[in-house]
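[1] What follows is a protein structure lacking sequence information:
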């Protein structure tokens with residue numbers, strides 16, 4: 001009797017060890033699969049872009065950026081991002097503040113509208129703006145009478161870019177503000193702080209890393225947007241072509257080295273974005289660990 005019980009105990013101890021061994025093997029297989037997938041579909045294409053860009057030498061690579069069309073595309077891309085990113089940052093902070101800190105009618109509708117660019121194809125978004133501001137659109141005749149150009153000009157590109165990038169800052173901040181609650185803001189207001197002081201000294205420090213992360217994503221999407229901008233730009237060389245559109249034109253004209261050179265610049269910006277994202281996530285994790293340690297010290301004096 002005692003021997004049978006001992007055997008059952010031994011077998012019960014052996015089973016978890018076997019399951020742990022299998023789970024470790026499964027983890028290794030999943031990690032290996034992920035690494036192979038990333039190597040084939042992410043790192044290898046990225047390396048090929050840089051390899052093709054430098055294939056004919058450094059001078060040919062650098063000369064791809066000093067043509068008038070390339071300089072115009074780079075300038076327009078930077079101007080578009082410089083306008084769209086701050087405006088979407090202001091909207092994202094305001095929308096997240098309203099949704100995360102207050103209760104009001106139509107709150108779910110506002111959340112749905114913020115997510116709308118994720119559900120609509122960028123090409124469809126561009127067509128919508130054509131129907132609104134194009135020469136045959138709703139506001140087209142009124143704009144033409146006043147010699148105001150929206151489509152096939154910088155304003156249309158900025159509007160299309162703002163539409164496709166509007167959710168990123170808000171989507172990063174909404175869950176963060178909802179998790180934080182309103183206790184700290186209410187305490188600050190009770191102590192006599194104004195609304196702006198409360199935001200600057202209480203809310204902003206709590207959301208700074210999420211805000212930076214949202215801005216990084218917004219800027220990356222703004223500089224790499226193709227579909228919506230392709231519809232509203234008109235592909236006018238030297239005037240309305242952004243960097244992605246300029247790459248397409250170069251490739252279609254069989255200027256593959258120049259196309260890969262400009263593409264490498266966008267790829268480099270993407271790598272920088274990932275690096276900044278990693279730093280932000282590391283800083284956020286470190287701040288959370290520091291806050292947890294401080295909370296532990298407060299609980300155990």
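    Now that the structure is in, tell me what you want to look at. Model, not experiment: these values are computed from the prediction.

[2] Just give me the neighbour total for residue 43.
    Residue 43 has 11 neighbouring residues, counting by other CB atoms under 10 Å. The way it works is simple: take the backbone N, C-alpha and C, and place the C-beta from them, glycine included.

[3] Helices of the stretch 201-301 of the chain, start to end?
    204-224, 227-233, 243-252, 256-299 (DSSP state H, counting those that start in this stretch).

[4] So which of those is the most surrounded?
    helix 227-233 (a mean of 23; mean count of other CB atoms under 10 Å).

[5] So which residues make contact with that helix?
    The set of residues external to helix 227-233 that reach it, using CB atoms under 8 Å, 6 or more residues apart in numbering, is 121-123, 125-127, 129-130, 151-152, 156-157, 159-161, 163-164, 240-242, 244-245, 248.

[6] The same query, at a cut-off of 7 Å, please.
    When contacts are defined by CB atoms under 7 Å, 6 or more residues apart in numbering, helix 227-233 is touched by residues 121-123, 125-127, 129-130, 151-152, 156-157, 160-161, 163-164, 240-242, 245.

[7] Filter the residues you listed down to the buried ones, ChimeraX style.
    Filtering those down to the buried ones (16 or more other CB atoms under 10 Å) takes a single ChimeraX command:
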select :122,125,126,129,130,151,152,156,157,160,161,163,164,240,241,242,245
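
[8] Return the subset of the contacts of helix 227-233 lying in helices.
    122-123, 125-127, 129-130, 156-157, 160-161, 163-164, 245 (DSSP state H).

[9] could the residues you listed be laid out in JSON lines, adding pLDDT and distance to residue 274?
    Formatted as JSON lines, these follow (pLDDT from 0 to 100; distance: CB to CB, whole Å):
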{"residue": "122", "pLDDT": "92", "distance to residue 274": "22"}
{"residue": "123", "pLDDT": "93", "distance to residue 274": "26"}
{"residue": "125", "pLDDT": "92", "distance to residue 274": "26"}
{"residue": "126", "pLDDT": "93", "distance to residue 274": "27"}
{"residue": "127", "pLDDT": "93", "distance to residue 274": "32"}
{"residue": "129", "pLDDT": "94", "distance to residue 274": "30"}
{"residue": "130", "pLDDT": "93", "distance to residue 274": "34"}
{"residue": "156", "pLDDT": "93", "distance to residue 274": "30"}
{"residue": "157", "pLDDT": "95", "distance to residue 274": "25"}
{"residue": "160", "pLDDT": "95", "distance to residue 274": "25"}
{"residue": "161", "pLDDT": "95", "distance to residue 274": "21"}
{"residue": "163", "pLDDT": "95", "distance to residue 274": "24"}
{"residue": "164", "pLDDT": "94", "distance to residue 274": "20"}
{"residue": "245", "pLDDT": "94", "distance to residue 274": "24"}
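
[10] Could you tell me the end-to-end distance of stretch 188-200?
    One end of stretch 188-200 to the other measures 11 Å (CA to CA, to the nearest Å).

[11] same question, stretch 135-155
    15 Å.

[12] swap in stretch 219-229?
    15 Å.

[13] tell me how far it is from the chain's mean position?
    10 Å (CA atoms, centre = their mean, to the nearest Å).

[14] the helices in the stretch 51-200 of the chain, which residues?
    58-63, 68-101, 107-119, 122-133, 140-145, 154-165, 167-180, 183-190, 195-198.

[15] Can you tell me which of these is most buried?
    Most buried of the helices of the stretch 51-200 of the chain, by mean neighbour count (mean count of other CB under 10 Å): helix 154-165, with a mean of 23.

[16] So what touches it?
    76, 79-80, 83-84, 87-88, 117, 122, 125-126, 129, 133, 150, 218, 221-222, 225, 228-229, 232-233, 240, 242.

[17] Was I right to think residue 209 contacts residue 283?
    Yes. Contact criterion CB atoms under 7 Å: residue 209 and residue 283 qualify, at 6.0 Å.

[18] If I look at residue 176, what pLDDT would I see?
    For residue 176, the model assigns a pLDDT of 87.

[19] show me the contacts for it.
    207, 210 are the contacts of residue 176 under CB under 7 Å, 6+ apart.

[20] follow-up on the earlier one: could you export the ones in helices among the contacts of helix 227-233 as a markdown table, including distance to residue 92?
    Shown next, in a markdown table, are these (distance: CB to CB, whole Å):
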| residue | distance to residue 92 |
| --- | --- |
| 122 | 19 |
| 123 | 24 |
| 125 | 18 |
| 126 | 22 |
| 127 | 25 |
| 129 | 21 |
| 130 | 26 |
| 156 | 22 |
| 157 | 20 |
| 160 | 18 |
| 161 | 15 |
| 163 | 13 |
| 164 | 14 |
| 245 | 26 |
